[in-house]
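[1] return a 3D structure for these sequence lines:
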Amino acid sequence: PDDLREFARGLRSGQTDAEQLLWSLLRGRRFLRLKFRRQHPIEPFVLDFYCQALRWAVELDGGQHNSDEGKLADHNRTNYLNEQGIVVTRFWNHDVLAEFES
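    Now for the predicted structure:
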C-alpha cells in the first residue's frame, strides 16, 4: 500500500546511528555478495533490512523493545514473518554500535 511505502521512505531518511552503520556493511552487496534492502515494506510491517534471496530480515532493536509491550510486539511480529517464510535475526542497537566487528 502507498501509505506503507511512504512510511518506509520516511524511515530511510531518519535512520538511527546503528542502522546507518549496519547499512554501510550491507549495501552494495558488501556482505557475502547478498542484496539487502533497507526499510523494506512487508505488509503490515517495515523491515529494517531484508534480503529477498534468502528471505532474511535483520532487525535492530532499541530500548523500547526491552519493555514487556515491546517484547510481545516483537514476538508477534517475528512469528508472523516466520509464517510468511521469512527468518528474522535481531540485534540490539548498542551491540551494533559498541561491538560492530563481532
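
[2] quick one: Asp2 from His75, how far?
    From Asp2 over to His75 the distance is 29 Å, taken as C-beta to C-beta, to the nearest Å. The way it works is simple: take the backbone N, C-alpha and C, and place the C-beta from them, glycine included.

[3] which one of these two is surrounded by more residues?
    Ranked by neighbour count (other C-beta atoms under 10 Å), Asp2 and His75 place His75 first, with 10 against 6.

[4] backbone phi and psi for that one, please?
    Main-chain torsions, His75, degrees, to the nearest 10: phi -60, psi -50.

[5] same check, this time on Arg38
    phi -110, psi 150.

[6] strands along the chain, start to end?
    Along the chain, the segments classed as strands by DSSP state E run 37-42, 45-51, 56-61, 87-92.

[7] turn these into a markdown table, including distance to Phe100, mean neighbour count and mean pLDDT.
    Shown next, in a markdown table, are the strands of the chain (distance: least, C-beta to C-beta, whole Å; neighbours: other C-beta atoms under 10 Å; pLDDT from 0 to 100):
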| stretch | distance to Phe100 | mean neighbour count | mean pLDDT |
| --- | --- | --- | --- |
| strand 37-42 | 17 | 18 | 91 |
| strand 45-51 | 15 | 21 | 94 |
| strand 56-61 | 12 | 20 | 94 |
| strand 87-92 | 10 | 14 | 94 |
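
[8] that'll do, ta.
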